[in-house]
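1. give me the fold of what follows.
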Amino acid sequence: MANSALEQTIDKILSKTENDVLTHIKTALGESQQKLDDSVPLLEGEYDKIIADGKKEADKLEKQIIGSSDLEARNKQLMVLEEAVDKVFTKAIDEIANADRSGDYSNLIKTMLSESTQILGTSEVIVLTNAKDKDVVQSALSEFSGSELSPDTIDCLGGIIVKSKDQTMTFDNTIDARIERLKPLIRKEIASKFGVGN
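-> Predicted coordinates for the structure are as follows:
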């Protein structure tokens, strides 16, 4: 009988302990389930953030790659354009160097003399030119009183350098200088016609 009472007491304790353990397990399971349920939106938010950040980074890289490719293509276009413009200038310079020095050229020299004296603000000038243009310039100077042709020659394609007689002012109106002044404008005009550099 003592054994029976002992067994019943042990069964009661085991049963109560089992119930307590099961209750604790159910409570812990419920809490864990609730924590999991609560963390799902957070995890989904983190996942969405990671995806959004990855997409932003991918877009940024795509823009950099496209920008780099566009820049490279534009640079190649500019190089090709520059080569073409240089060839045109070289051909034009050759034609100018071999041009006939009468007629229209004589009128160009007169225009250059007129421009130069207006820019310097005096007709009291010394005019320098290359050996090839000396006769044309000398002939044109007859219309400009107070001006004289220098015995010295300059190295240029054509045209003149005009100095005031007091040597304080000089204007380079050689064909070489005019070409150099016009090159940037011509390049810009050509580039805009071909849609390069805009």
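
2. now the helices for this structure?
-> Along the chain, the stretches classed as helices by DSSP state H are 2-97, 104-120, 134-141, 175-193.

3. for those, which one sits closest to Val162?
-> Counting by C-beta to C-beta, Val162 lies closest to helix 104-120 out of the helices of the chain; the figure is 3.8 Å. Quick note: C-beta positions are derived from backbone N, CA and C, even for glycine.

4. what residues sit buried inside the closest one?
-> 105-106, 108-110, 112-113, 116-117, 120 (16 or more other C-beta atoms under 10 Å).

5. can I get those residues in CSV with pLDDT and distance to Ile154?
-> Shown next, in CSV, are these (pLDDT from 0 to 100; distance: C-beta to C-beta, whole Å):
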residue, pLDDT, distance to Ile154
Tyr105, 86, 17
Ser106, 87, 19
Leu108, 89, 17
Ile109, 90, 14
Lys110, 91, 19
Met112, 92, 13
Leu113, 93, 15
Ser116, 92, 14
Thr117, 92, 18
Leu120, 93, 17
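
6. how about those, which pair is most distant?
-> It's Tyr105 and Leu120 that sit farthest apart of the buried residues of helix 104-120, by C-beta to C-beta, at 22.5 Å.

7. if we can go back for a sec, just put the helices of the chain in TSV and tack on distance to Ile161.
-> As requested, those are exported to TSV (distance: least, C-beta to C-beta, whole Å):
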stretch	distance to Ile161
helix 2-97	17
helix 104-120	8
helix 134-141	11
helix 175-193	8
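
8. how many neighbours does Ser192 have?
-> 11 (other C-beta atoms under 10 Å).
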